[in-house]
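Novice: Give the three-dimensional model of this entry:
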Amino acid sequence: MDNMTAGQNVALEKPAIEHREAYGTAKTENLRDNGLWRIILPAFVVVCCLILLAFPLIILTPLFFNSLSSTAAANVAHTPLTWIWITMVIIEAVIIAIVIRGLIKIFMTTSGSYKSK
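Specialist: Okay, here's the model as predicted:
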């Protein structure tokens, strides 16, 4: 049968021999986990959440207490700023609560879902 096209001739030829070398597979690597990251990651997230919560409150609390003083510059000028600090604390607390909730959902749920064998 000489009815073969050029594409069929290529299929009959042997492929070129390639040099292959295996550097390692998952079967040979030690993939065991000691589980320490399940403790360190949530602890790190909790510490970051506490720092995130503390910084704005550390800054706003003295400003709020200073605004309560009768000798504060704003109170002497009869323009009290106490409501501004209360509003800022509430807004910051809501934003921080949303961020902390997201961090806990992302990191705390994934670290507990892996079972050790």
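Novice: can you tell me which helix in this structure is longest?
Specialist: Ordering each helix of the chain by length in residues (DSSP state H) puts helix 37-68 first.
Novice: Whichever helix or strand comes after that one: which residues count as buried?
Specialist: Sequence-wise, the next helix or strand downstream of helix 37-68 (DSSP states H and E) is helix 73-76. Using 16 or more other Cβ atoms under 10 Å as the burial criterion, the residues of helix 73-76 that qualify are Asn75. Using the backbone N, CA and C atoms, a C-beta is placed for each residue, glycine as well.
Novice: Name the residues that touch helix 73-76?
Specialist: The contact list for helix 73-76, computed with Cβ atoms under 8 Å, 6 or more residues apart in numbering, reads 67, 69, 80-81.
Novice: quick one, the host helix or strand of Ile96 and helix 37-68 angle?
Specialist: Using DSSP H and E, Ile96 falls within helix 82-103. Orientation note: helix 82-103 sits at an angle of 170 degrees relative to helix 37-68 (axes from the mean of the first three to the mean of the last three Cα atoms, to 10 degrees).
Novice: Residue ranges in the protein under the pLDDT threshold?
Specialist: Confidence mapping of the chain against pLDDT under 70 gives the ranges 1-16, 20-33, 110-117.
Novice: and if we set it to 50?
Specialist: For the chain, no stretch is flagged by pLDDT under 50.
Novice: Report how many residues lie close to Thr109.
Specialist: 9 (other Cβ atoms under 10 Å).
Novice: for Pro42, same thing?
Specialist: For Pro42, the tally of surrounding residues (other Cβ under 10 Å) stands at 16.
Novice: pretty sure it contacts Ile106?
Specialist: No. Using Cβ atoms under 8 Å, Pro42 is not in contact with Ile106, being 11.2 Å away.
Novice: out of the contacts of helix 73-76, which are buried?
Specialist: Buried, going by 16+ other Cβ under 10 Å: 67, 81, out of those.
Novice: that older thread, the longest helix of the chain - contacts with which helices or strands?
Specialist: Applying 3 or more Cβ pairs under 8 Å, 6 or more residues apart in numbering; DSSP states H and E, we find helix 37-68 packed against helix 82-103, helix 109-113.
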